[in-house]
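A.B. asks: okay, sequence plus prediction incoming.
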Amino acid sequence: MVNETDSKIVLEIVNKYEPVILFRIEDQKFIIHTSSSTIDYIKFRKLKKELEEKGFFIIAKPYAFSSEYYYEIFRMKINFSSSNLIPLLLFIVNSVTVFLAGYYIFFSANFSFALIYTFALLSILGIHELGHYLMARAYGLKVSLPFFIPGFPFGTFGAVIRLREPFVDRFQSFDVGISGPLLGLIPCVIYLILGMNFSTFTNEINQEALQYVPFILQLIFSQYFPQHTTVLLHPFAFSAFLGLIITFLNMTPVAQLDGGHVINSFLGNRNSLKILAAFISILVLIYTDFLAMAFLALFLLFYRIEPLNMVSNLDKKRKIFTALFLLIWILLAPWPFSSYKLSALK
């Protein structure tokens, strides 16, 4: 139950940042209108922090079809306690499943190749998640360690981190979302360069060869191998290939994927454009033969998470980065018209 003391505390804090012109209590929430026409996102972060220290939670919401906004403030207690045991156990299990996949499925019981594959693939996933983790911590957000997900045939379904509180604004959502894929591309490039020097090709028909090759890899292969051949990738290059595929899926601009955080931050409150972006993204996933991922993206559309500040929009610099982000996503897409097939070097 909110009381008179709570009202005084809330009004005193908000008035320090913006003059309050309208104040009411509705469903145990304080509804506040100020005289400001826009929100300074830096001031909002300070306001949010000061209210949080007093046990209050704040959300800035825009009115539909209007440039005006209002604050919702309410008492909220959040438990941030967590254990690092589960992420550690999952990492150990995932290391085993990736090694087994490399040893038995892809590299014909070649121990050293399976070991290289395990190290390279897990480091790609780990550095990707490290990008998210470091950016979230830089903003002071509470976040879990990565949860690695074991699975076959490649030994892993990737990794995720759990954000234990909402993003304060779209700047945070954008920066945390984009940092993982961009940082994760660095080891992919390094391993690709290392592996291409030891990779080869064959003209023999291989029914088990992978037919969907990222567009950027097709361009690179054209400088090394004849077209309409099967490229036999060294484990470093094979891990880089899988890393590019995983990065492509994460960068898909839909729902709660990394690309979804980026595009939703860019589009702001333009919900019709968000729906269009989601529709196009799901079509791309279907066209590139990632049907399971398309269904997952469709399911995640019903799980919306908005930042606390739903009013402030991105700056010009981040809007430019959004265009570059989408260009990289297109280059990483494994289009079905590839002139090459892929297999692991035995």
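C.D. replies: Okay, I see it. Numbering: from 1, shown residues only.
A.B. asks: from now on I want contacts and neighbour counts done on CA atoms only, so please keep to that.
C.D. replies: OK.
A.B. asks: wouldn't Ser265 be in contact with Phe174 here?
C.D. replies: Yes: Ser265 lies in contact with Phe174 (CA atoms under 8 Å); the separation is 5.8 Å.
A.B. asks: tell me which stretches of the stretch 201-346 of the chain form strands.
C.D. replies: Under the criterion DSSP state E, counting those that start in this stretch, strands of the stretch 201-346 of the chain are mapped to 229-233, 340-344.
A.B. asks: any chance of CSV for the ones you listed, columns mean neighbour count?
C.D. replies: As requested, the strands of the stretch 201-346 of the chain are exported to CSV (neighbours: other CA atoms under 10 Å):
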stretch, mean neighbour count
strand 229-233, 22
strand 340-344, 22
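A.B. asks: which among these is found nearest to Ser199?
C.D. replies: strand 229-233 (4.8 Å; CA to CA).
A.B. asks: tell me which other helices or strands the host helix or strand of Lys61 touches.
C.D. replies: Lys61 is part of strand 56-62 when elements are defined by DSSP states H and E. Counting contacts by 3 or more CA pairs under 8 Å, 6 or more residues apart in numbering; DSSP states H and E, strand 56-62 packs against helix 41-53, strand 69-75.
A.B. asks: Phe106 is nearest to which of the ones you listed?
C.D. replies: helix 41-53 (49.4 Å).
A.B. asks: now what about the closest one, what contacts it?
C.D. replies: Residues from elsewhere that reach helix 41-53, judged by CA atoms under 8 Å, 6 or more residues apart in numbering: Val10, Ile13, Val14, Tyr17, Phe57, Ile58, Val168, Asp169, Asn309, Ser312.
A.B. asks: most tightly surrounded among the helices and strands packed on strand 56-62?
C.D. replies: Highest mean neighbour count of those: strand 69-75, a mean of 19 (counted as mean count of other CA atoms under 10 Å).
A.B. asks: chain center to it: distance?
C.D. replies: 28 Å (CA atoms, centre = their mean, to the nearest Å).
A.B. asks: next: stretch 160-170.
C.D. replies: 11 Å.
A.B. asks: what's the mean pLDDT across it?
C.D. replies: The average pLDDT within stretch 160-170 is 93.
A.B. asks: what's the span of that stretch from first residue to last?
C.D. replies: This stretch, stretch 160-170, spans 20 Å end to end (CA to CA, to the nearest Å).
A.B. asks: can you pull the poorly scored residue ranges out of this protein?
C.D. replies: 1, 77-82 (pLDDT under 70).
A.B. asks: look up how far Gly155 lies from the residue positioned nearest the centre of the chain.
C.D. replies: Nearest to the geometric centre of the chain sits Asp258, at 2.1 Å (CA atoms, centre = their mean). Asp258 sits 22 Å away from Gly155 when distances are taken as CA to CA.
A.B. asks: with Phe171 instead?
C.D. replies: Distance from Phe171 to Gly155, by CA to CA: 34 Å.
A.B. asks: buried set for stretch 213-233?
C.D. replies: Across stretch 213-233, burial judged by 16 or more other CA atoms under 10 Å covers 213-215, 217-218, 221, 225, 227, 229-233.
A.B. asks: re earlier: so which of the helices and strands packed on strand 56-62 is nearest Ala344?
C.D. replies: Across those, Ala344 has its closest neighbour in helix 41-53 (49.3 Å, CA to CA).
A.B. asks: that closest one: how far from the chain's middle?
C.D. replies: With CA atoms, centre = their mean, you get 25 Å for helix 41-53.
A.B. asks: same deal with stretch 126-133?
C.D. replies: 10 Å.
A.B. asks: and for stretch 242-262?
C.D. replies: Put simply, stretch 242-262 sits 6 Å off its chain's centre (CA atoms, centre = their mean).
A.B. asks: which residues are contacting it?
C.D. replies: The contact list for stretch 242-262 (CA under 8 Å, 6+ apart) reads 121, 124-125, 158, 173-175, 177-178, 180-181, 184-185, 188, 214, 263, 277-278, 281-282, 293, 297-298, 300-301, 303-305, 322, 325, 329, 332-334.
A.B. asks: just the buried subset of those, please.
C.D. replies: 121, 124-125, 158, 173-175, 177-178, 180-181, 184-185, 188, 214, 263, 277-278, 281-282, 297-298, 301, 322, 325, 329, 332-334.
A.B. asks: please enumerate the strands of the stretch 51-200 of the chain.
C.D. replies: Under DSSP E, counting those that start in this stretch, the stretch 51-200 of the chain gives strands at 56-62, 69-75, 147-151, 155-160, 200-202.
A.B. asks: same list (the ones you listed) but as CSV, adding distance to Thr97.
C.D. replies: Listed next are the strands of the stretch 51-200 of the chain as CSV, based on distance: least, CA to CA, whole Å:
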stretch, distance to Thr97
strand 56-62, 42
strand 69-75, 45
strand 147-151, 6
strand 155-160, 5
strand 200-202, 26
